[in-house]
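Participant: After the sequence you'll find the predicted model.
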Amino acid sequence: MAVSVLAYLYLVFAVVIFVLGLVQNSTIKLPQILQDTLLYGKSRGKRNEWTVMRYLEIPKSYFRYFYAVGIVANSAHLALAVQAYVFGVPPPAIYQQVVSAVSAEQVTTDALGTLLCISLMLIQDLRRLYECYFISVYSKSTMNLLHFLLGFYLYITFGWTVLSEAPSLNTAPLQHLHIGLITWYHIVGVIMFALASWQHQVAHVTFANLRKTEGKVRNYAHRIPRGGLFEYVSSPHYLMEIIIYLAFATVVGLRNISVWSVFVFVLLNQAVCAILTQKWYLDNYKTYPKSRKTLIPFIY
C-alpha cells in the first residue's frame with residue numbers, strides 16, 4: 001500500500017522526538033545541546049552549560065505564528081478543495097503538481113471527509129490564534145528554532161496531507177459530494193473535535209488565570225493549576241490536543257494512513273511533553289497532588 005512522503009516524514013519526526021523524550025526522562029541525561037534542542041519552557045529547567053543552540057532560541061510566544069500561517073494555508077487548501085468538489089473548477093496547475101507529488105496514489109477518503117477535516121483544522125487555527133492574543137499569558141521562556149520550523153511544517157502541509165488520499169481535484173461539480181456521504185465517523189469526529197476544543201480552551205484559561213488578579217497580569221511565575229481536568233491529569237491541554245487530532249483522523253476514516261500519521265506525530269510529541277511536565281511538577285513542588293496522572297485520567 002502506497003504511503004505519501006508527508007506521512008513518512010511525520011512518522012520519522014514522531015519516532016525521533018519520542019525516543020529522545022524517553023531518554024531525557026530516564027536516568028540517562030541527554031547532552032546539553034540535545035536538551036536545548038528538544039526542551040522548551042519550564043521543562044528545560046536550569047541549564048548547566050552554554051551551547052550554540054542558544055543562538056537559535058526564540059520566544060515561546062511565537063507559537064502564534066504557527067496559527068497565523070495555518071489560517072492562510074488551510075484557508076487556501078479549503079477554498080481550492082471547495083472550488084473543485086462543489087463547482088468543478090480545478091485548482092491551478094502548480095497546486096495540482098504539489099498534490100500529485102505528495103500523493104499516496106490511493107483514494108481512501110471521500111470529498112466530504114476531506115472538506116470537513118480541513119475545515120476543522122482551520123477552526124483550530126483560528127481558535128488557537130485567538131487564545132494566543134487574548135487568553136494566554138506568556139513568560140519570557142524560549143523555544144528552539146527547530147520547534148518553530150516543525151510547527152510551520154505541520155500547519156503548512158496539513159492540507160496537502162489530507163488531499164494526498166482524497167478524490168481527484170479534477171472532477172465534475174458535486175461528483176464526489178452529496179448528502180448521502182455523511183457517515184457515523186464524520187459525526188463522531190466533529191463531536192470529538194467540539195468537546196476537546198472546549199476543554200482545551202478551558203485549560204488555557206486556567207493557566208492564564210494563575211498569572212492574573214482581577215483580570216490583570218500580576219506575575220509570570222509557575223503555579224500548580226487546579227480545577228476541572230487538572231484534578232485528574234497534569235496536562236489536560238496536551239490530552240485535548242491529542243483528541244483534537246484524533247478527531248481529524250476519525251473524520252477522514254480509518255484507511256487514511258497520511259492523516260493518521262499526523263495523529264501519531266501529535267500523540268507522541270504531546271505524550272513526551274506531558275511526561276516531562278509531570279516530572280517537572282513532581283521535582284519542583286513537594287505538595288504536588290500525587291493522585292494526578294500524567295496524561296490519561298485514572299490510568300497514566
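Facilitator: That came through, no problem.

Participant: So residue 140: helix, strand or coil?
Facilitator: coil (DSSP: H, G, I helix; E, B strand; the rest coil).

Participant: what number of residues lie near it?
Facilitator: Neighbour count for residue 140, taken as other Cβ atoms under 10 Å: 8. C-beta: built from backbone N, CA, C; applies to glycine.

Participant: how about it, phi and psi?
Facilitator: Here is the backbone geometry of residue 140 (degrees, to the nearest 10): phi -90, psi 20.

Participant: Correct me if wrong: it contacts residue 58.
Facilitator: No: contact between residue 140 and residue 58 fails when scored by Cβ atoms under 8 Å: they sit 11.5 Å apart.

Participant: Double-check that residue 254 belongs to a helix.
Facilitator: No: with three-state DSSP as the criterion, residue 254 is located in coil rather than a helix.

Participant: Distance-wise, check it relative to residue 18.
Facilitator: Using Cβ to Cβ, to the nearest Å, one gets 23 Å for the distance from residue 254 to residue 18.

Participant: Looking at these two, which one has more neighbours?
Facilitator: residue 18 (18 against 10).

Participant: dump the residue contacts of the more buried one.
Facilitator: 268-269, 271-272 (Cβ atoms under 8 Å, 6 or more residues apart in numbering).

Participant: Poorly predicted segments of the stretch 151-300 of the chain, please.
Facilitator: The stretch 151-300 of the chain contains residues with pLDDT under 70 at 172-180.

Participant: Next: the stretch 1-150 of the chain.
Facilitator: 1-2, 26-30, 32-33, 35-51, 53.

Participant: Helices of that one, residue ranges please.
Facilitator: Along the stretch 1-150 of the chain, the segments classed as helices by DSSP state H, counting those that start in this stretch run 5-25, 32-38, 63-87, 93-102, 111-134, 145-163.

Participant: Also the stretch 201-300 of the chain?
Facilitator: Ranges of helices within the stretch 201-300 of the chain are 236-252, 257-284, based on DSSP H, counting those that start in this stretch.

Participant: Tell me the helices and strands packed up against the last one.
Facilitator: The helices and strands touching helix 257-284, judged by 3 or more Cβ pairs under 8 Å, 6 or more residues apart in numbering; DSSP states H and E, are helix 5-25, helix 145-163, helix 236-252.

Participant: Nothing else from me, thank you.
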